[in-house]
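Undergrad: Below: sequence and its predicted model.
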Amino acid sequence: MKIAVVGTGYVGLVSGVCLAEKGHDVLCVDKDLAKVDSINAGISPIHEEGLDDLLKRNIGSRLKATSDLKIAVLDSDVSLIAVGTPFDGNEIDLRYIRQVSADIGDALKDKEGYHVVTVKSTVVPGTTDTVVLPILEEHSGKNAGTEFGVGMNPEFLREGAAIQDFMYPDRIVIGGIDERTHSVLSEVYAPFSGVDIIKSNSKTAEMVKYTSNSLLATLISFSNEIGNLCAALGDIDAIEVMHGVHMDKRLSPLLNSGERVVPAIISYLEAGCGFGGSCFPKDVKALISHGEQAGQSMELLRAVININRDQPRQVLDRLYKHFKNIQGIRIAVLGLAFKPDTDDMRESPAIPIVNELIAKNADIKAYDPVAEEEAKIIFSDDRIKYCSTLEETVENAEVVLILTRWSTFERLPETLRQMKLSPLVIDGRRMLPKDCVELYEGIGISL
Ligand code: NAD
């Protein structure tokens, strides 16, 4: 099948590369010429495990990149829209979706065969049918349903595991205006045999995506509220509490053999310094705003966002417990990305924390295995000294802050022992045993 993927960010590029790997002919479209050139040169503009290999294997044969959207639409059976859908402070910002819909509509005017336009971006329920479809009809002068199809196919990949998630999906949700659209989109996913496919209208498909992200964000804020309460009550460690909760057989089923299944959902039921990334914060806020416009109070999800907004403070409170004034205090920041295995820093809890350290004139060293370049864009402050090893970062530090659960930071206790250092360690992710260093503070233990 010939597929055009419009927008080559995390979702578009991963989708394009994986669909080419599965045997489709894919044209990736982006208005950012630097990205297009980089992809055509076989160099991924983003960091994702396994992406470079798959890109190199397919580029120039089944995969090509272009900035010419019209050619891509004319030469394909399906276009997948994967542009950004940010939150503008009040509601979802659909400007990129509108622009691409208009451009695809213009191209459809000259298209002879049937084509299915599919929204892969996360958009609030109703967007595909009431925003994208009318723009396509207006710009193409054609009728949806008879002359082209319109569908919605949300993406569930997780940054850091994007290739694995796309190649081995847990579900494929296909929304569409009619049977023909469903059938064309089913062909796109035909090489992914054995996966559960859910077919629905586009509005339901859009809602599945928001509901999934909102549930996970709720679990994190719930765990953080419990963790903060444990800390406030004293003599309770949130880790032990959540461990007891995880043992519920409805969360970690007990097999007849006595063995426990430990599902990934458990990792969302742990206290930390908050969620970030390009999806949870903006998607939950967009759903709240959309729900309020529909007359719903959205109280639970508003609390989820408020708890998360305040959570980075837990790290700073532990710092101020030991240092009333942090001016000149040598602080090593371990981890900047919003989660491990990605260079994405969008809405990372590290941002408000490091900004406070900068504002209070702390002496900051920072280390993230892959997010340094992103960080340099966000913190345009040359007072941060970026390091490239754990050893270099912690040398001379009075305080070490762990902000991202990178597995390489598990070496911290051993590294400190070898270097004969005993700084205060504030574990914003509770990834180290609390007795592993001389001076330890962590989220979910009393202040
Ligand atoms: P991104 O910002 O990384 O990439 C978007 C790309 O679209 C950019 O490269 C941009 O140049 C391009 N673009 C914008 N307007 C364009 C136009 N008119 N023509 C061509 N290209 C254009 O975004 P992303 O993180 O890949 O997210 C895309 C969508 O997928 C969002 O709706 C997001 O919520 C959703 N999503 C993201 C993830 C994730 O983990 N990042 C997971 C699931 C769903």
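TA: In hand now; what should we look at? A quick note: this is a predicted structure, and the numbers were derived from the prediction, not measured.
Undergrad: Could you tell me how many residues sit around the residue of the chain found nearest the ligand?
TA: The nearest approach of the chain to the ligand comes at residue 9, 1.8 Å away (C-beta to the nearest ligand atom). Quick note: C-beta positions are derived from backbone N, CA and C, even for glycine. Neighbourhood size, residue 9 [other C-beta atoms under 10 Å]: 18.
Undergrad: near the ligand, which residues of this structure show up?
TA: Counting by C-beta under 6 Å from any ligand atom, the residues of the chain close to the ligand are 6-12, 29-32, 35, 82-85, 96, 99-100, 121-122, 155, 157, 159, 278-279.
Undergrad: Out of the residues you listed, which sit inside helices?
TA: If you go by DSSP state H, those have 10, 11, 12, 35, 96, 99, 100 in helices.
Undergrad: which regions of this protein lie under the pLDDT threshold?
TA: For the chain, not a single residue meets the criterion pLDDT under 70.
Undergrad: Count residues in the vicinity of residue 300, would you?
TA: Counted with other C-beta under 10 Å, the neighbours of residue 300 add up to 12.
Undergrad: To clarify, my last question referred to residue 145.
TA: Around residue 145 there are 15 residues (other C-beta under 10 Å).
Undergrad: check contacts around it.
TA: Residues in contact with residue 145 (C-beta atoms under 8 Å, 6 or more residues apart in numbering) are 177, 178.
Undergrad: now do residue 177
TA: So residue 177 contacts 129, 133, 144, 145, 149, 150, 151, 201, 202 (C-beta under 8 Å, 6+ apart).
Undergrad: Give me the buried entries from the residues of the chain next to the ligand.
TA: 6-12, 29-31, 35, 82-85, 96, 100, 121-122, 155, 157, 159, 278-279 (16 or more other C-beta atoms under 10 Å).
Undergrad: My read is that residue 77 contacts residue 117, right?
TA: No. Contact between residue 77 and residue 117 fails when scored by C-beta atoms under 8 Å: they sit 10.9 Å apart.
Undergrad: what sits up against stretch 293-301?
TA: Outside stretch 293-301, the residues that touch it by C-beta under 8 Å, 6+ apart are 91, 214, 217, 218, 284, 287, 288, 291, 292.
Undergrad: And these, which two are furthest apart?
TA: Using C-beta to C-beta, those reach their maximum pairwise distance at 91 and 218, which is 20.4 Å.
Undergrad: between those two, who's got more neighbours?
TA: Of the pair residue 91 and residue 218, residue 218 is the one with more neighbours under other C-beta under 10 Å, namely 18 against 15.
Undergrad: re earlier: could you double-check that the residue of the chain closest to the ligand sits in contact with residue 46?
TA: Yes. Using C-beta under 8 Å, residue 9 is in contact with residue 46, at 7.3 Å.
Undergrad: now the contacts of residue 177: which count as buried?
TA: So, by 16+ other C-beta under 10 Å, the buried ones in the contacts of residue 177 are 129, 133, 144, 149, 150, 151, 201, 202.
Undergrad: quick one, helices of the stretch 1-150 of the chain?
TA: Along the stretch 1-150 of the chain, the segments classed as helices by DSSP state H, counting those that start in this stretch run 10-21, 33-40, 51-58, 69-74, 95-109, 127, 133-140.
Undergrad: And the longest one, what's buried?
TA: For helix 95-109, a neighbour-count test (16+ other C-beta under 10 Å) marks 96, 97, 100, 101, 102, 103, 104, 105, 106, 107, 108 as buried.
Undergrad: Which parts of the chain belong to which domain?
TA: Domain ranges of the chain: 2-197, 201-447, per automatic domain parsing.
Undergrad: would you list every one of the strands in the stretch 301-447 of the chain?
TA: Ranges of strands in the stretch 301-447 of the chain, per DSSP state E, counting those that start in this stretch, are 330-334, 363-367, 385-386, 399-402, 424-427, 439-442.
Undergrad: ok, now the stretch 101-250 of the chain?
TA: With DSSP E, counting those that start in this stretch as the criterion, the stretch 101-250 of the chain has strands at 116-119, 149-152, 172-176, 197-200.
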